[in-house]
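Colleague: Here is a sequence with its predicted model. Questions after.
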Amino acid sequence: MAGLGTFVRRLFSADDAGISVPAMDGVFKPDNRLEEAERLLSLPAIDNLVASPARLLCSSGNTLFRIDLGRAGASAVAIAEFAAPISFVASAPDGRLAVGIEGEGLQIGQPGTWRRIGLPGGVASCLTAGVFTVDGSLYLCVGSRKHPARDWKRDLMEGGSSGVVLAIDPDSGSQRELAAGLAFPNGAVMLGNGRLAISESWRHRIVALDPKLPHPVAILENLPAYPSRLSPASDGGFWMALFAPRRQLLELVLREDDYRREMMATIDPGEWIGPELAGSARPDQPLSQGSVRQMGVLKPWAPSRSYGLVARCDDSGRPSESWHSRADGSMHGVTSVCEHGGSVYAASRGSGTLLRLPGTTSGGARHG
């Protein structure tokens, strides 16, 4: 009986020893608005949406694209090619771009005039996000010192907390560390009060960095999904992309060290029980008992390993609205979202689709 009591306490505990996850309710009540959003174009593994002063940009693999928007839809025009996959893109007020290249480091400039910024060892392979300040400085997120950006799932499974945030002067290349010991910092945005907000994926929270304080301060905690890129909202606050859901089965795996280590040592990473950017119809995919499919039909409320979610938050970090693609949808793995020209766009990396969100308008914003 004592063993049964311990199991029940672990199952329903809300502290670090439990495997409970916050319900999708309240502001995060599921809907189909992301699934029903306007689909503008298809681009495999689309990522890193960013609005420069005059255009909308994105990446796919090693290529940086300009997105041309018209009444008939949208088209992607390649403007730069790099030697390795692009891991983040940021735009400065003057139009300069910062581009993270996996394993290659940081490039700043414009197509045809790139300049490489030297970075410390162990940093260049996992640049996940960045944001320029008004004075042209760059705040840079390093998701992990141990793994490249493509191995994000391994970093999660190992309980990674080696992420750092750096402040970089693009002109001189000088650098200083703002925060360390972060669990995969994966998005950055400047708040209206001058603080820097960072999404910390593996701790499912948003933290604020303040030069006057010695440590990051959590402004939004216990999210129901893993947060990714952040971008400013034109009338205050910020947009947040959440790339995969938290599930009880995944939380259990993260807490069972022996099981997880054996899984990682003996099974291909594509078969690990963990979050995914896209769903799969393969019959051998790990299931949470029989609750994923019933009578061969994938239910919208199934505990899927992938999901589509975008949220809007105010300057204090409080969410005010959300857009969803549920388990039976396909617009999953949203890794970035931004405003441009009075509309809000999201990149579903899982489906390779650029979306224009319904029910959102803005007066246009400066994005970094």
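Modeller: Perfect, I can see it now. Residues are numbered from 1 along each chain as shown.

Colleague: low-scoring stretches of the stretch 251-368 of the chain, by residue?
Modeller: Low-confidence segments of the stretch 251-368 of the chain (pLDDT under 70): 280-297, 359-368.

Colleague: Spell out the residue ranges of the helices in it.
Modeller: For the stretch 251-368 of the chain, applying DSSP state H, counting those that start in this stretch gives helices covering 257-266.

Colleague: who's in contact with the residue positioned nearest the centre of the chain?
Modeller: Most central in the chain under CA atoms, centre = their mean is Ser228, positioned 1.7 Å from the mean C-alpha point. Ser228 makes contact with 186-187, 199, 201, 240-243, 334-336 under the criterion CB atoms under 8 Å, 6 or more residues apart in numbering. For the C-beta atoms, the positions are set from N, CA and C on the backbone; glycine is no exception.

Colleague: What does the pLDDT read for it?
Modeller: Looking at Ser228, its pLDDT is 98.

Colleague: pretty sure it is in a strand, no?
Modeller: Yes: counting by DSSP: H, G, I helix; E, B strand; the rest coil, Ser228 falls inside a strand.

Colleague: separation between it and Glu276?
Modeller: As defined by CB to CB, to the nearest Å, Ser228 lies at a distance of 14 Å from Glu276.

Colleague: go on, Val77?
Modeller: Distance from Val77 to Glu276, by CB to CB: 30 Å.

Colleague: now swap in Val131 and tell me
Modeller: Separation of Val131 from Glu276 (CB to CB) stands at 27 Å.

Colleague: those helices in the stretch 51-200 of the chain, which residues are they?
Modeller: So, for the stretch 51-200 of the chain - with DSSP H, counting those that start in this stretch - the helices run 152-157.

Colleague: So, low pLDDT: which residues of it?
Modeller: Scanning the stretch 51-200 of the chain residue by residue, none of them satisfies pLDDT under 70.

Colleague: Break down the stretch 101-250 of the chain into its strands, ranges please.
Modeller: Using DSSP state E, counting those that start in this stretch, the strands found in the stretch 101-250 of the chain span residues 105-109, 115-117, 127-132, 138-142, 163-168, 175-182, 185-190, 196-200, 205-209, 217-220, 225-232, 238-245.

Colleague: Columns distance to Leu34 on top of those, output as TSV?
Modeller: TSV is the format used below for the strands of the stretch 101-250 of the chain (distance: least, CB to CB, whole Å):
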stretch	distance to Leu34
strand 105-109	31
strand 115-117	35
strand 127-132	21
strand 138-142	24
strand 163-168	27
strand 175-182	28
strand 185-190	18
strand 196-200	18
strand 205-209	20
strand 217-220	20
strand 225-232	12
strand 238-245	11
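
Colleague: Relative to Pro85, which of those strands is closest?
Modeller: Smallest distance to Pro85 across the strands of the stretch 101-250 of the chain (CB to CB): 11.0 Å, for strand 127-132.

Colleague: What is the closest one packed up against?
Modeller: Counting contacts by 3 or more CB pairs under 8 Å, 6 or more residues apart in numbering; DSSP states H and E, strand 127-132 packs against strand 86-91, strand 97-101, strand 138-142, strand 185-190.

Colleague: Strand partners (parallel or antiparallel) of that strand?
Modeller: According to DSSP bridges, strand 127-132 forms sheet pairs with strand 138-142 (antiparallel).

Colleague: what does the strand it pairs with rub up against?
Modeller: Strand 138-142 is contacted by residues 88, 90, 92, 98, 100, 106, 108, 123, 126-133, 163-170, 178, 185-188, 196, 198 when judged by CB under 8 Å, 6+ apart.

Colleague: How many residues are close by Leu49?
Modeller: Neighbour count of Leu49, defined by other CB atoms under 10 Å: 27.

Colleague: go on, Gly121?
Modeller: Using other CB under 10 Å, Gly121 has 7 other residues around it.

Colleague: mind checking how far it is from Glu251?
Modeller: 33 Å.

Colleague: ditto for Pro227
Modeller: From Pro227 to Glu251 the distance is 16 Å (CB to CB).

Colleague: Pick out whichever of the two has more residues nearby.
Modeller: Pro227 (25 against 14).

Colleague: how near is the closest residue to that one other than its chain neighbours to Thr133?
Modeller: In space, and not counting its chain neighbours, Pro227 is closest to Ser199: 3.8 Å by CB to CB, 6 or more residues apart in numbering. Noted for Ser199: a distance of 18 Å to Thr133, by CB to CB.

Colleague: Would you mind telling me which of these two has more residues around it?
Modeller: Ser199 (31 against 15).

Colleague: Kindly state the beta-bridge partners for the more buried one.
Modeller: Following DSSP bridges, Ser199 is listed with bridge partners Gly187, Ile206.

Colleague: Tell me if I'm right that it and Ala183 touch.
Modeller: No: counting by CB atoms under 8 Å, Ser199 stays clear of Ala183, with 10.4 Å between them.

Colleague: Contacts only, for the closest residue in space to Gly352 that isn't next to it in sequence.
Modeller: Counting by CB to CB, 6+ apart, Gly352 lies nearest to Pro44, which is 4.6 Å off, once chain neighbours are set aside. Remark: with contacts taken as CB under 8 Å, 6+ apart, Pro44 is in contact with 60-61, 352.

Colleague: before we move on, the earlier item: residues touching the residue nearest to Pro227, list them.
Modeller: Counting by CB under 8 Å, 6+ apart, Ser199 touches 129, 185-188, 205-206, 227-230, 240.
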